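Undergrad: sequence and predicted structure are below.
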Amino acid sequence: MAAETRRARSVSYAAVLQPASPRASKKNLEDVGEDFKQATIYNDKPGIFYTEEEVASMAEPYRFALVGKFSGLRPKPQEVLQAFRNLGLSGFYNIRFLRSGYIFMHLSTSEDMARIWTRGIWYIGGVSLRIFKWTPNFSYTVESSVVPVWIQFPDLPIHMFNKKGLFSAAKIVGTPIKIDEATADCSRLTMALVCVEIDLLKPRIEEFWIGIGEEKRLQKVVYERVPNYCKQCCHLGHTEEECYANGNRPKPQRKAGKEDGARGGEDLRVRLNRKYAAGNDKGTVNTTVEPREEVQKKNGGETQIWTVKKGNSKAQEQEKTHEQEQGNRFQVLNIEEEEDQVEVEEIDGGARRMSKEGEEYSAESINKISRQGTSKLKVVEEEEQVEVHYQKTYC
């Protein structure tokens, strides 16, 4: 008993603290032992320096990783995560948030990487997300010069339309990523189309040799939509001559996209009319909105009246009441040869009316009623056109 007690007391402190769960083991650094990079002195300061082979070994788990850069305010984390869930990626992935405006996409398959990377620009919550290849040299101030580009192999030998042949040809240009559908099923033999990963800072391969037995021929390479890269500011999308960082061009000013919307309390019709007038640059629009406003806009010598209506006017209410008291002043005349004709008397201020008493009526009275009816219908049609025009122009 005493011997067992002494044996228990001889256990080291580190052994007592040995983690028992995988989660704790993941956080514990004791198992590193002596297998780590020792620091050296460089310019009177300590430093850690890795060889290219060591860097490649450490970066292997992240070979399909991408970096996203938002052009503007980054959306909420929930929106970003939901957007990637909606993509339905085939493999395991992790989305991690870096410095403000950046996200890290840890992907596990080349298929998911090609799908996201070759798209170029995505939109999440209305904000554009630019995609870059992650490399061990990643920096927030320097955009990666490694980009995916589609290349053509015109008149490639037909026997090379297979994965091994296409991979061999594309490997000369860059790192092969994928081929398009027409190349995969050999439905377009005039050229092969392959997406490759190239470095814009390195020289491009324009052609290469293909040997078929004793015969040798030059194979041409055609690049599709290669983006520009500025060595001055280390950003994609423009050349050094177009860069305003070196003073060659004035810095573009941002457009105040929501300037009109920021004016609190302003009527929506006023803003839309201002935008409409600025876009056409024809004449002027009166933007003072009143309950019964008429806005005139001259268009090539033609004047259009836009009327703002809110319910029925007083005159319309009186006319409606007057018609209800007198009855409808316009009735359909249904004249048939076998039926009795309807007597129509001249309408004079509503004092006389139409009757069905079998008396004959003159053609002159019918024409007069018809003219009045046509005039009334014209008024109604014009009012309807004014209302439709009002809806379309947001007056």
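TA: Structure's in. What do you need? Small disclaimer: the values here were computed from a predicted structure and weren't measured. Numbers count the residues shown, from 1 in each chain.
Undergrad: OK, contacts around the closest residue to E79 other than its chain neighbours?
TA: Leaving aside its sequence neighbours, E79 sits nearest to G125 (Cβ to Cβ, 6 or more residues apart in numbering; 4.6 Å). No exception for glycine: its C-beta is placed from N, CA and C like everyone else's. With contact set as Cβ atoms under 8 Å, 6 or more residues apart in numbering, G125 has these partners: P75, K76, E79, V80, A83.
Undergrad: just the element for R274, please.
TA: Following DSSP states H and E, one finds R274 within helix 268-280.
Undergrad: just K69 next, same as before
TA: Element membership for K69 (DSSP H and E) is strand 66-70.
Undergrad: show me what the helix or strand following that strand is packed against.
TA: Remark: after strand 66-70, the chain's next helix or strand is helix 77-87, criterion DSSP H and E. With contacts taken as 3 or more Cβ pairs under 8 Å, 6 or more residues apart in numbering; DSSP states H and E, helix 77-87 sits against strand 93-97, strand 121-124.
Undergrad: neighbouring strands - and their directions - for the last one?
TA: Sheet pairing here is set by DSSP bridges, and for strand 121-124 it gives strand 127-133 (antiparallel).
Undergrad: what sits up against the partner strand?
TA: By Cβ under 8 Å, 6+ apart, the surrounding residues in contact with strand 127-133 are 66-75, 103, 116-117, 119-123, 143-144, 146-148, 197, 236.
Undergrad: list the buried residues of it.
TA: By 16 or more other Cβ atoms under 10 Å, the buried positions in strand 127-133 come out as V127, L129, I131, F132, K133.
Undergrad: pLDDT weak spots in the stretch 101-250 of the chain?
TA: Where the stretch 101-250 of the chain drops to pLDDT under 70, the residues are 246, 248.
Undergrad: all helices for it, in order.
TA: 110-117, 163-173, 181-184 (DSSP state H, counting those that start in this stretch).
Undergrad: helices or strands up against the shortest one?
TA: By that I understand helix 181-184. When contacts are defined as 3+ Cβ pairs under 8 Å, 6+ apart, helix 181-184 sits against strand 191-199.
Undergrad: now swap in the first one and tell me
TA: For helix 110-117, the helices and strands in contact under the criterion 3+ Cβ pairs under 8 Å, 6+ apart are strand 66-70, strand 102-107, strand 127-133, strand 175-179.
Undergrad: picking up where we left off before, quick check: mean pLDDT across the strand holding K69?
TA: Across strand 66-70, pLDDT averages out at 95.
Undergrad: just say which of the helices of the stretch 101-250 of the chain is most tucked in.
TA: Each of these was scored by mean neighbour count; the highest is helix 110-117, a mean of 19, by mean count of other Cβ atoms under 10 Å.
Undergrad: quick one, it and strand 191-199 angle?
TA: Per axes from the mean of the first three to the mean of the last three Cα atoms, to 10 degrees, the angle that helix 110-117 makes with strand 191-199 is 80 degrees.
Undergrad: on that earlier part again, now tabulate the contacts of G125 in JSON lines and tack on pLDDT and neighbour count.
TA: Converted to JSON lines, the contacts of G125 look like this (pLDDT from 0 to 100; neighbours: other Cβ atoms under 10 Å):
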{"residue": "P75", "pLDDT": "91", "neighbour count": "17"}
{"residue": "K76", "pLDDT": "92", "neighbour count": "11"}
{"residue": "E79", "pLDDT": "94", "neighbour count": "13"}
{"residue": "V80", "pLDDT": "94", "neighbour count": "20"}
{"residue": "A83", "pLDDT": "94", "neighbour count": "16"}
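Undergrad: local confidence estimate at T51?
TA: 93.
Undergrad: the one 3 residues further on too?
TA: At E54, the pLDDT value in this model is 92.
Undergrad: what is the end-to-end distance of stretch 33-43?
TA: Counting by Cα to Cα, to the nearest Å, you get 28 Å between the two ends of stretch 33-43.
Undergrad: so which residues make contact with that stretch?
TA: Applying Cβ under 8 Å, 6+ apart, the contact partners of stretch 33-43 are P46, G47, I48, F49, Y50, E54.
Undergrad: can you tell me which of those residues are in helices?
TA: Among the contacts of stretch 33-43, the residues falling in helices (DSSP state H) are E54.
Undergrad: now the contacts of stretch 33-43 in JSON lines, with distance to Y93 and neighbour count?
TA: What follows is those, written out as JSON lines (distance: Cβ to Cβ, whole Å; neighbours: other Cβ atoms under 10 Å):
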{"residue": "P46", "distance to Y93": "36", "neighbour count": "8"}
{"residue": "G47", "distance to Y93": "34", "neighbour count": "9"}
{"residue": "I48", "distance to Y93": "30", "neighbour count": "10"}
{"residue": "F49", "distance to Y93": "32", "neighbour count": "9"}
{"residue": "Y50", "distance to Y93": "27", "neighbour count": "12"}
{"residue": "E54", "distance to Y93": "26", "neighbour count": "11"}
